[in-house]
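Asks: sharing a sequence plus its predicted fold:
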Amino acid sequence: QVQLVESGGGLVQAGGSLTLSCALIGGSSSTALMGWFRQVPGKGREFAAAIRWSDGSAYYADSVKGRFTISRDSAKNTVYLQMKNVKPEDTAVYCCAARTYYSGVYWQPSTYSMWGQGTQVTVSS
């Protein structure tokens, strides 16, 4: 069974950078699409970015486009979210997620079957 383990969260000043990692423990052979979502207290999960495991095609929410970059290292079974020029409104718990198929909407949390426990990102102004 695949497990997702995030790391790299922390406190960063507005305008700074941070890189999150998500390790797929148990291999990636069944993984087709991986996503990063974020959540603040009292709100649902918000899509940030997704990547096709096979070819690295990436998709972004408008709120992070141009500032965040999602990538994957197949040899390390790891997905990254590089965050640049962060803003206070980026403060959230960031979770990675995975699913075994490509088709369908990629921004809908309910389409992902595997989730990590999340890592806190706090952006100070």
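Replies: Arrived safely, thanks for sending.

Asks: and the closest residue to M83 other than its chain neighbours, how many neighbours does it have?
Replies: Using Cβ to Cβ, 6 or more residues apart in numbering and skipping the chain neighbours, the partner closest in space to M83 is L18 (4.8 Å). Using the backbone N, CA and C atoms, a C-beta is placed for each residue, glycine as well. Using other Cβ atoms under 10 Å, L18 has 21 neighbouring residues.

Asks: for L18, what are its contacts?
Replies: G8, G9, G10, V12, M83, V86, V121 (Cβ atoms under 8 Å, 6 or more residues apart in numbering).

Asks: excluding its backbone neighbours, what's nearest the third one?
Replies: Leaving aside its chain neighbours, G10 sits nearest to L18 (6.6 Å; criterion: Cβ to Cβ, 6+ apart).

Asks: measure the residue nearest to M83 to G44 for me?
Replies: As defined by Cβ to Cβ, to the nearest Å, L18 lies at a distance of 23 Å from G44.

Asks: same question for V105.
Replies: Applying Cβ to Cβ to V105 and G44 gives a distance of 15 Å.

Asks: the spatially most central residue of the chain: which element?
Replies: The residue lying closest to the centre of the chain (Cα atoms, centre = their mean) is W36, at 2.1 Å. In the assignment (DSSP states H and E), W36 maps to strand 33-39.

Asks: ok, now Q120?
Replies: Going by DSSP H and E, Q120 is in strand 119-124.

Asks: so which elements touch that strand?
Replies: strand 10-13, strand 18-25, strand 92-99 (3 or more Cβ pairs under 8 Å, 6 or more residues apart in numbering; DSSP states H and E).
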